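Enquirer: Based on what follows, work out the 3D shape:
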Amino acid sequence: MTLSAGDRVAVTDLINRHGHLTDHGELDRWSELFTPDVVFDLTGMGGGVLTGLAALRDATSAMAGEHPVAHHVTNIVLDETADDHVRALSKGIGVMADGTTGSVTYDDTIVRGDQGWRISRRVIRARRAPLTP
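Expert: Here you go, the predicted structure:
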């Protein structure tokens, strides 16, 4: 089965919405983005693996002063892996309060359920070194 144009727009909007809700501190609305049992893998950023929406909210709240003030997502590529399952790769740019920036890759598993499309797994990998031949 191929993703419809409507599904592609819905999944892309879901990924884009993450930055808006997060940057506005609307963590109580993350249920619009993530499944209740989301797995959030931060090992590529020097962190651990968080399981569940409550754990993700708690960890984000605890590091509020160290969190980017702006999240920008680009280069979204969608691949349907099974019915109602999509793998989404995207690039993230985080802007810190002091103006420094960082780049990451988001590797998302997105599933369609009763509430629509939601991210069930997100792996974040930091990009810290330039490409070398």
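Enquirer: Output the below-cut-off pLDDT ranges for the chain.
Expert: 1 (pLDDT under 70).
Enquirer: farthest residue from the center of it?
Expert: Most distant from the centre of the chain: Pro133, at 29.4 Å, with distances by C-alpha atoms, centre = their mean.
Enquirer: wait, isn't Arg121 in contact with Asp108?
Expert: Yes: using C-beta atoms under 8 Å, Arg121 is in contact with Asp108, at 6.8 Å. Backbone N, C-alpha and C define where each C-beta goes, glycine included.
Enquirer: Neighbour count for the two, which is higher?
Expert: Taking other C-beta atoms under 10 Å, Arg121 and Asp108 do not tie; Asp108 has more neighbours (22 against 19).
Enquirer: any idea whether that one is helix, strand or coil?
Expert: Under DSSP: H, G, I helix; E, B strand; the rest coil, Asp108 falls in the strand class.
Enquirer: so where do the helices sit in this structure?
Expert: Along the chain, counting by DSSP state H, helices occupy 5-23, 53-62.
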